[in-house]
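1. Sharing a sequence plus its predicted fold:
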Amino acid sequence: MDAITNTEWIAGRVTLEHKRIYRVMTESGELMAEITGKMRFLAGGREDYPAVGDWVLLSARLNEGKATIHSILPRFSKFSRKVAGETTEEQIVATNVNTVFLVAALNQDFNIRRLERYLLLTWESGANPVIVLTKADLCEDSEPFIQDVEGVAFGVPIHVTSAKDLTGLEPLQSYLGEGQTVALLGSSGAGKSTLTNYLLGEEKQLVQDIRDEDGKGRHTTTHRELVVLPSGGMIIDTPGMRELQLWEADGGMSQSFSDVEDLAEQCYFRDCKHEKERECAVREAIESGALDEKRFQSYIKLQRELAYLDRKNDKRAQLAEKEKWKKLAGDRTRVYRK
């Protein structure tokens, strides 16, 4: 029991975040929480703040329905992207996720290059990806889409579904056993909210129609929220992300582009740029049709993006370290003056 009257230390899981106010699910019910001033002072970046899916240690004021978060318990997975725009800052989409449903609609908004990015960041997060192709009722033949996905998602489960016809949905329940957490990621209009409603068994998430002229969706989910399902599993629906910039993906590159990197290992020159060098296994594979030129160009683009991000992060880390020492120096000065 804490020194403060009617306060006890408990663990909880963050289900919703809004402007540094957190809704936390605990054994004693849902509490609204804020972090301590110490946590805020010591935070070096976004990863030091709670995110949806985090397990936290908090002191609860149960009679008020409020709590204070003191620390974040270790995460076993973390899906992050760079915030939209020019700012070099991490945005944590979800944490402690076992499986990520990468949701893509079988209409004119289907984009295999965008799916590559989602796969890359999912592998990097530590969660397992599952491809969910939705709105099969709008597609006369799903086989070409499946072949495209198989060409970039080696060994990843693929499920073709239609919420309208209620087909292909039942197998998804196997990922949502008790204690399992699934996050839904995909662009607006892909069918994430419809899928959430089906799995939940009620109309919790607002659903809007896609635009007929381009097949693109309108934003329906406006925030990330963790919801407990009747199965005992949990699901995190996320807003559609039209812009998905990388944050960290060095390890994910090897898993997402294992075909390209395996070919690169076979090149005659160790530092082969895969341009005009002789005995380049990558160029030979492209010329023979064994490797799609667009996939290789996507690989090069993502490599350059990561290299640029590394340079920006190095500068950001240096500035953060300077700021940290300034804070500490200022604290010492105040102590000496007293």
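-> Sure thing, it's come through. Numbering: from 1, shown residues only.

2. CA only for contacts and neighbour counts going forward, please
-> OK.

3. Which residues lie in contact with the residue nearest the centre of the chain in this structure?
-> Closest to where the C-alpha atoms of the chain average out (Cα atoms, centre = their mean) is Phe79, at 3.4 Å. Residues counted as contacts of Phe79 (Cα atoms under 8 Å, 6 or more residues apart in numbering) are Ile92, Val93, Ala94, Thr95, Leu121, Thr122, Glu124, Ser125, Gly126.

4. again, only this time at 10 Å
-> Phe79 sits next to 91-97, 100, 118, 121-127, 183, 247-248 when contact means Cα atoms under 10 Å, 6 or more residues apart in numbering.

5. Quick check: nearest residue in space to it, chain neighbours excluded?
-> Once flanking residues are discounted, Phe79 sits nearest to Ser125: 4.7 Å by Cα to Cα, 6 or more residues apart in numbering.

6. pLDDT at that neighbour, what is it?
-> pLDDT for Ser125: 89.

7. now, which of the contacts of Phe79 lie within strands?
-> Per DSSP state E, strands hold the following members of the contacts of Phe79: Gln91, Ile92, Val93, Ala94, Thr95, Val100, Ala183.

8. Thought Glu17 was touching the second one, still the case?
-> Read that as Ile92. No. Using Cα atoms under 10 Å, Ile92 is not in contact with Glu17; the gap is 11.3 Å.

9. Overlap of the contact sets of those two?
-> Pro50, Ala51, Val52.

10. thinking again about what came up before, for Ser187, see how far away the residue nearest to Phe79 is.
-> 19 Å (Cα to Cα, to the nearest Å).

11. Let me see the ranges of the helices in the stretch 1-150 of the chain.
-> For the stretch 1-150 of the chain, the helices defined by DSSP state H, counting those that start in this stretch cover 37-42, 112-125, 143-150.

12. Just want the angle from the second one to strand 90-95.
-> On the basis of axes from the mean of the first three to the mean of the last three Cα atoms, to 10 degrees, helix 112-125 is oriented at 80 degrees to strand 90-95.

13. where does helix 112-125 sit relative to the chain's centre, distance-wise?
-> Taking the mean of its C-alpha atoms, helix 112-125 sits 9 Å from the chain's own mean (Cα atoms, centre = their mean, to the nearest Å).

14. what's the answer for the first one, then?
-> Centroid separation between helix 37-42 and its chain, computed with Cα atoms, centre = their mean, is 25 Å.

15. Same question for stretch 259-273.
-> Here stretch 259-273 is found 30 Å from its chain centre; the criterion is Cα atoms, centre = their mean.
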